[in-house]
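# generate coordinates for the sequence data below:
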Amino acid sequence: MAEHVIAIDQGTTSTRAIVFDRAGRIVANAQKEHRQILPRPGWVEHDPEEIWLNVREVVGLALARAGLTRHDLAAIGITNQRETAVVWDRRTGEPVYNAIVWQDTRTQPIVDRLAADGGVDRFADDVGLPLATYFSGTKIAWILENVEGARERAEAGELLFGTTDTWVLWNMTGGTRGGVHATDVTNASRTMFMDLRTLDWRDDILDAFGVPRSMMPEIRSSSEVYGVARSSSLLRETPISGILGDQQAATFGQTAFDAGETKNTYGTGNFLIFQTGEDIVRSRNGLLTTVGYKLGDQPAHYALEGSIAVTGSLVQWLRDQLGFFSRSEEIEQLALGVPDSGGVFVVPAFSGLFAPYWRPDARGAIVGLTRFSNKGHIARAALEATAFQSSDVLQAVVADAGVELSELRVDGGMTVNDALMQFQADILGVPVVRPVVAETTALGAAYAAGLAVGLWSGLDELRENWREDRRWEPSMDPEERDRMLRLWHKAVHKSMDWVDADVR
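Just a heads-up that it's a prediction; the model follows:
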């Protein structure tokens, strides 16, 4: 029996393919970045065809590095940037427009228009989400309203929509020659169109957005056989049997399956998920209600989520736009070159503020600058901003769940930064724990895929694979912690009320 799974992690800045063995260990991986297309302030796009090309390339590289063929693979799992929207022609396979990325804010006028009747929580009771530019629903509406001929083609049944998991799945299973047009419940729960109770599209909400139901993919569970690979000889006939949105996948990879378990992922943005089991819990403190996972015919499991738009991408901004360093990992040494941030705070509200504030009128700010400030202070403040934002979200979780956090499990690319992880433990006042396999997003997709084909017997076997790698204990004086949090919140409020009729 084949005892490996390949996971395709289609992320915001790159696409990766990672081969895992039955013990959940990485055998080989490959990664390739794609272009970040920034046509105007607040607009963020990707080229879907570039992403599909990169998927095929990294799959080939990963298999070559592992020394494996399709015959060694039990299954394929897919995980993805969740709210990024792709619309394409079902007959030609050509996108009608670039993918509009989850960070994009161009759809605020559509949000305002829809919120005029019922406010930003108009659909929240049904879908668990406030009206915001973050989710894919308004992005589809923008494409239909602004791309010439798109509305007519959509109403004629010629166009398909998908988040990038659907785009990859459709292409892998044959594309224009019978490709499977489907998504899983976790990705569907981020569109604003799926009813959390029925796990089906809501026709009345689709109508409010002006989106034809014929565009929408079939909603399936997170762990089942959707189809087999047909477009690549390297993977031909291998079952594609796991799909999870990236943050739900990371939670699954952390083996945080049960109510009360949590994780925080440090990537392009930061995303904390707190499992609530089979109960749908409504947040009173700015968190999102979302689907955590659904395994085959079993009931769906739900979660509260705190979404932070800009963390790792703030490091990219310092690297690419400001030229502070040439490689992202160099930020740690630059930050450690000063004893503290020198009173500087960075609020990276490039796309407004996400959880727990939900303030689209906010914009990025660097406050506390003096002639004493240098690149090291700004670099350190940028790292600290990641920890501060996570602290805000965790406090919202504590308030909603009524339980105190005892430790925080972390994963994602930024967890290799020891300075950041130590500051996170300090500002939370609880230990921060990183697993041996930090690539938990891809691992979660692999687990979901392997469960569907019987490679793993169940969740208990997956729990046995989890191992602790590193633990950071808090060492900051509580009074200093309170002082820094007070100043951080002061800085956050300085970033608000920036966007108005004069500034867009």
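# for the stretch 51-200 of the chain, which segments count as helices?
Along the stretch 51-200 of the chain, counting by DSSP state H, counting those that start in this stretch, helices occupy 108-115, 124-127, 136-146, 150-155, 164-172, 185-188.
# let me know which of these is tucked in deepest.
Ranked by mean neighbour count, these are led by helix 185-188 with a mean of 30 (mean count of other C-beta atoms under 10 Å). The way it works is simple: take the backbone N, C-alpha and C, and place the C-beta from them, glycine included.
# now do that helix: distance to the chain's middle.
12 Å (C-alpha atoms, centre = their mean, to the nearest Å).
# next: stretch 91-106.
On C-alpha atoms, centre = their mean, the centre of stretch 91-106 falls 17 Å from that of its chain.
# can you get me the start-to-end distance on it?
One end of stretch 91-106 sits 29 Å from the other (C-alpha to C-alpha, to the nearest Å).
# hang on, the earlier thing: mind putting the helices of the stretch 51-200 of the chain in a markdown table, mean pLDDT and distance to residue 435 included?
Shown next, in a markdown table, are the helices of the stretch 51-200 of the chain (pLDDT from 0 to 100; distance: least, C-beta to C-beta, whole Å):
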| stretch | mean pLDDT | distance to residue 435 |
| --- | --- | --- |
| helix 108-115 | 96 | 37 |
| helix 124-127 | 94 | 32 |
| helix 136-146 | 98 | 30 |
| helix 150-155 | 97 | 43 |
| helix 164-172 | 98 | 24 |
| helix 185-188 | 98 | 21 |
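# can you tell me which of those is nearest to residue 423?
The closest of the helices of the stretch 51-200 of the chain to residue 423 is helix 185-188. By C-beta to C-beta, the value is 30.3 Å.
# give the next helix or strand downstream of the closest one.
helix 203-209 (DSSP states H and E).
# list the buried residues for that following helix?
Across helix 203-209, burial judged by 16 or more other C-beta atoms under 10 Å covers 205, 206, 208, 209.
# and it, what does it pack onto?
Where contact means 3 or more C-beta pairs under 8 Å, 6 or more residues apart in numbering; DSSP states H and E, helix 203-209 is packed against helix 136-146.
# quick one, the helix it packs on and helix 108-115 angle?
110 degrees (axes from the mean of the first three to the mean of the last three C-alpha atoms, to 10 degrees).
# what packs against helix 136-146?
By 3+ C-beta pairs under 8 Å, 6+ apart, helix 136-146 packs against strand 86-89, strand 99-100, helix 108-115, helix 150-155, helix 203-209.
# about what we covered before: quick one: closest of the helices of the stretch 51-200 of the chain to residue 490.
Distance to residue 490, taken as C-beta to C-beta, is lowest for helix 108-115 among those, at 25.9 Å.
# now do the residue located most distally from the centre of the chain against residue 323, distance only.
Most distant from the centre of the chain: residue 371, at 37.7 Å, with distances by C-alpha atoms, centre = their mean. Distance, residue 371 to residue 323, by C-beta to C-beta, to the nearest Å: 21 Å.
# okay, the helices of the stretch 51-200 of the chain in TSV with distance to residue 241 next?
Formatted as TSV, those follow (distance: least, C-beta to C-beta, whole Å):
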stretch	distance to residue 241
helix 108-115	36
helix 124-127	27
helix 136-146	24
helix 150-155	30
helix 164-172	11
helix 185-188	15
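# so for residue 26, which of those helices sits nearest?
helix 164-172 (20.5 Å).
# for the helix ranked longest in the chain, packing partners?
The residue-count maximum for a helix in the chain (DSSP state H) belongs to helix 375-401. With contacts defined as 3+ C-beta pairs under 8 Å, 6+ apart, the packing partners of helix 375-401 are strand 262-266, strand 270-277, strand 301-308, helix 312-320, helix 331-336, strand 345-347, helix 418-428, helix 478-494.
# can you rerun that using 6 Å?
With contacts taken as 3 or more C-beta pairs under 6 Å, 6 or more residues apart in numbering; DSSP states H and E, helix 375-401 sits against strand 270-277, helix 331-336, strand 345-347, helix 418-428.
# what about stretch 235-253, average pLDDT?
Averaging pLDDT along stretch 235-253 yields 95.
# alpha carbons of that stretch, as CSV, please.
The C-alpha coordinates for stretch 235-253 follow below in CSV (Å, rounded to 0.1, in the frame of the first residue of the first chain):
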residue,chain,number,x,y,z
LEU,A,235,-0.2,12.3,-10.5
ARG,A,236,-2.5,10.5,-13.0
GLU,A,237,-5.3,8.6,-11.3
THR,A,238,-4.2,9.6,-7.8
PRO,A,239,-7.3,10.4,-5.7
ILE,A,240,-7.8,14.0,-4.5
SER,A,241,-9.4,13.4,-1.2
GLY,A,242,-8.8,16.3,1.2
ILE,A,243,-9.6,20.0,1.0
LEU,A,244,-9.3,22.5,3.9
GLY,A,245,-9.0,26.3,3.9
ASP,A,246,-5.5,27.2,5.0
GLN,A,247,-6.3,28.2,8.6
GLN,A,248,-8.6,25.2,9.2
ALA,A,249,-5.9,23.0,7.7
ALA,A,250,-3.3,24.4,10.1
THR,A,251,-5.6,23.7,13.0
PHE,A,252,-6.1,20.1,11.7
GLY,A,253,-2.4,19.7,11.3
